[in-house]
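Colleague: Test case, fold it:
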Amino acid sequence: MSLGRFAPNTRETPEETKEFYWRNYGYVVLPIDDPMLPWDLREQLARYMTRRHGTRRGARVS
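Modeller: Next up, the predicted model:
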């Protein structure tokens, strides 16, 4: 059985996908290393997600 039949047949850009999930489901997709985010916001998000879901795979522990 091929898993390809479950893949969406669209050509959305990553930004369009992020917008779609924000508008329709209220999900926010943010790369934690995005230089457009202020450093304090990146730290807050990283701490929150670590508390909620545990450490990231491959993340450096400081």
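Colleague: Restrict stretch 36-45 to CA atoms and write it as PDB.
Modeller: Taking Å, rounded to 0.1, in the frame of the first residue of the first chain, the C-alpha atoms of stretch 36-45 are listed here in PDB:
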ATOM      1  CA  MET A  36      12.300  37.800  12.900                       C
ATOM      2  CA  LEU A  37      11.100  36.900  16.500                       C
ATOM      3  CA  PRO A  38      12.600  39.000  19.300                       C
ATOM      4  CA  TRP A  39      15.000  36.900  21.500                       C
ATOM      5  CA  ASP A  40      12.800  37.300  24.600                       C
ATOM      6  CA  LEU A  41       9.700  35.900  22.800                       C
ATOM      7  CA  ARG A  42      11.800  33.000  21.400                       C
ATOM      8  CA  GLU A  43      12.900  32.200  25.000                       C
ATOM      9  CA  GLN A  44       9.400  32.400  26.400                       C
ATOM     10  CA  LEU A  45       8.100  30.100  23.700                       C
END
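Colleague: Pull out the buried positions in the helix or strand hosting Arg52.
Modeller: Using DSSP states H and E, Arg52 sits within helix 39-53. Across helix 39-53, burial judged by 16 or more other CB atoms under 10 Å covers Arg42. All C-beta atoms are positioned from the backbone trio N, CA, C, and that covers glycine.
Colleague: Least confident secondary structure element in the protein?
Modeller: The least trusted helix or strand in the chain, going by mean pLDDT, DSSP states H and E, turns out to be helix 14-25, with a mean of 90.
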